[in-house]
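Engineer: what's the 3D shape of this:
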Amino acid sequence: MFISKMHLPRRSVLRGLGAAIALPLLDSMVPALTAMSKTAAVPIKRFGIFYATNGMSMPYWAPSKEGALNELPATVQSAASFKDKLLMTGGLKQESSLLVKGGGAHARSAGTFLTCVPFKHTNGADVYAETSMDQIAARELSKDTQIASMELGIEPNSMLGSCGGSTCAYTN
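Structural biologist: A predicted model of the protein is given here:
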């Protein structure tokens, strides 16, 4: 059986056959393994997190007041078209990062981000941290998408070895 990700529009079939097909949407016309093949009414849920280990200038990122996002900060203006579906949080404190002994603040906060659990402080290959909440969400959302989780990191190649007194595996 050949399964392709190619979408075959109904109009293409009608033009190709030169006849009207009085059938409901054929399964073969829907991209394989997509949520659309399960239902046409429910859109795919997406979940994204933006994290800057070294911080950022909050007046450019944070909304000016709590509540509905009537006005987006300048840096986030590109998301204006879907601001009614956007949730921005702030004022979070990484108490669990203070429980990790040794290492710099950047490595400690990155290592506990989204887990809220102290990680194993090490410079070796024996790293250990709890499952992060984005991976828990990915596990749940993977039922409706082919790619459960996609991580993107933008950092220099110099971030290897020891980062702030702990392994760079926690910050990368």
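
Engineer: Can you list the low-confidence ranges for this structure?
Structural biologist: 1-8, 10, 13-42, 53-54, 102-104, 154-162, 164, 170-172 (pLDDT under 70).

Engineer: tell me the domain ranges of it?
Structural biologist: Taking automatic domain parsing as the domain assignment, the ranges for the chain are 1-42, 44-170.

Engineer: Isn't Ala62 up against Ala74?
Structural biologist: No: assessed by CB atoms under 8 Å, Ala62 is found out of contact with Ala74, at 11.0 Å. The C-beta positions use only the backbone N, C-alpha and C, and glycine is treated the same way.

Engineer: So between those two, which is more surrounded?
Structural biologist: Ala62 (16 against 9; other CB atoms under 10 Å).

Engineer: List the buried residues in stretch 131-150.
Structural biologist: By neighbour count on 16 or more other CB atoms under 10 Å, the buried set for stretch 131-150 is 132, 134, 137-138, 144-145.

Engineer: Walking through the chain, point out its helices one by one.
Structural biologist: Ranges of helices within the chain are 10-17, 105-112, 133-141, based on DSSP state H.

Engineer: any chance of those helices in a markdown table, plus distance to Leu86?
Structural biologist: Listed next are those as a markdown table, based on distance: least, CB to CB, whole Å:
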| stretch | distance to Leu86 |
| --- | --- |
| helix 10-17 | 34 |
| helix 105-112 | 24 |
| helix 133-141 | 16 |
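
Engineer: Nearest approach to Gly124 belongs to which of these?
Structural biologist: Closest to Gly124 of these, according to CB to CB: helix 105-112, at 14.3 Å.

Engineer: For the closest one, enumerate the helices and strands it packs against.
Structural biologist: Using 3 or more CB pairs under 8 Å, 6 or more residues apart in numbering; DSSP states H and E, the elements in contact with helix 105-112 are strand 166-167.

Engineer: Show me what the strand it packs on is packed up against.
Structural biologist: The contact analysis (3+ CB pairs under 8 Å, 6+ apart) places strand 166-167 against helix 105-112.

Engineer: now do 6 Å
Structural biologist: With contacts defined as 3 or more CB pairs under 6 Å, 6 or more residues apart in numbering; DSSP states H and E, strand 166-167 has no helix or strand neighbours.

Engineer: Give me the sheet partners of it and which way each runs.
Structural biologist: Each strand that pairs with strand 166-167, with its direction, by DSSP bridges: strand 162-163 (antiparallel).
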